[in-house]
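[1] kindly return the folded structure for what I paste below:
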Amino acid sequence: MTPSWVAPPESYRTIETDDFQAFLKHHQNHQTEPLEILEDSFVCEKPYSEPMKVSYFKATNGREKFVVKKFRTRIDEPLTYQLIHGDYSLTLLRLEIKPKEIIGQLGRELKSPPLPRPKVEAFLKLLRQVLKTVDIENLERIPEDSPHPLEVYYKMDEVSLAYLLRNCRSIFEGQEYKEIETFILHHKEDGVLLLKATYEIQISEIVKSKKKMIPATQGLEERRYVEKK
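    The predicted model follows:
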């Protein structure tokens, strides 16, 4: 049975366009060259499903490397590609826990009796203290699906995990400690105790001769052409 909030398939229609010939006609008096896209270099600033997102990928003509910025200013306009001499990098903005998810999961698993609220808050405070001790370069990335390309999940390293368990003894004792220990070990790799890292895109541009903005559409996804200067 289809949920009421899901529209039936017939209410959607995909219209494919290929403006490659129009692109060539627009630049028929310009010298062009093919660019090869570098594998796994695509990144964007908003969720993948956002049609107005700004995206970047790296490309080369065999001699130089470029960053290609892909965007549109209106939903009904074709995509525009801007060639940038330079590179991009991802800079860490913040590393955080998921408090709402942790509280919810604790309530579902430790409910006979439930943990007192002060102890839950003390546990969250301890987790935030763990964040101050970790080196993200030593953390293992988890291939967890995320709707946002700049959000990455990591699991705690063994040193941080040992620090967490050791300090939990100052908050919990007896059966409570056994339950919180089981909770931590169960969720440390693929659950609510994953650490969430948020990154931002930093563009490093090499100033050269000014480049024109070249309109393009998704029909050009298989092969990009840029105007040579």
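
[2] quick one: average pLDDT of stretch 197-215?
    Averaging pLDDT along stretch 197-215 yields 74.

[3] got the domain ranges for the protein?
    Recorded structural domains for the chain (assignment: automatic domain parsing) are 16-92+200-227, 99-193.

[4] avg pLDDT for the last one?
    In this model, domain 99-193 has a mean pLDDT of 92.

[5] how far off centre is stretch 115-128?
    28 Å (CA atoms, centre = their mean, to the nearest Å).

[6] got it, and stretch 133-145?
    With CA atoms, centre = their mean, you get 13 Å for stretch 133-145.

[7] the helices in the chain, which residues?
    20-26, 99-109, 117-131, 158-168, 175-187 (DSSP state H).

[8] find the nearest non-adjacent residue to residue 73, please.
    residue 80 (7.5 Å; CB to CB, 6 or more residues apart in numbering). (Each C-beta comes from the backbone N, C-alpha and C, glycine too.)

[9] what about the one you found, neighbour count?
    Using other CB atoms under 10 Å, residue 80 has 15 neighbouring residues.

[10] can you dump the C-alpha coordinates of the longest strand seen in the chain into CSV?
    Taking DSSP state E as the criterion, the chain has its longest strand at strand 80-96. Taking C-alpha atoms only, strand 80-96 is exported to CSV below (Å, rounded to 0.1, in the frame of the first residue of the first chain):
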residue,chain,number,x,y,z
THR,A,80,26.3,27.4,-16.4
TYR,A,81,29.9,26.2,-16.2
GLN,A,82,32.7,28.5,-15.1
LEU,A,83,36.3,27.5,-15.5
ILE,A,84,38.6,28.3,-12.6
HIS,A,85,42.4,28.0,-12.7
GLY,A,86,43.3,26.5,-9.4
ASP,A,87,42.1,23.9,-7.0
TYR,A,88,39.7,23.3,-4.1
SER,A,89,40.0,21.7,-0.7
LEU,A,90,37.6,20.7,2.1
THR,A,91,38.1,22.5,5.4
LEU,A,92,36.6,21.1,8.6
LEU,A,93,34.0,23.4,10.1
ARG,A,94,32.9,21.4,13.1
LEU,A,95,32.9,17.9,14.6
GLU,A,96,29.8,17.1,16.7
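
[11] strand partners of it, parallel vs antiparallel please.
    Sheet pairing of strand 80-96 (DSSP bridges) gives strand 65-71 (antiparallel), strand 195-205 (antiparallel), strand 214-215 (antiparallel).

[12] show me what contacts the nearest residue to residue 87 once chain neighbours are set aside?
    Spatially, and ignoring its direct neighbours in sequence, residue 87 is nearest to residue 204 (5.2 Å; CB to CB, 6+ apart). By CB atoms under 8 Å, 6 or more residues apart in numbering, residue 204 lies in contact with 86, 87, 88, 89.

[13] related to what we said a few turns ago, flag every buried residue along the longest strand of the chain.
    Using 16 or more other CB atoms under 10 Å as the test for burial, strand 80-96 gives 81, 82, 83, 84, 88, 95.

[14] from residue 64, how far off is the second one?
    Translated: residue 82. Separation of residue 82 from residue 64 (CB to CB, to the nearest Å) stands at 16 Å.

[15] measure residue 177 to residue 105 for me?
    17 Å.

[16] between these two, which has more neighbouring residues?
    Neighbours were counted for residue 177 and for residue 105 using other CB under 10 Å; residue 105 has more, 17 against 14.
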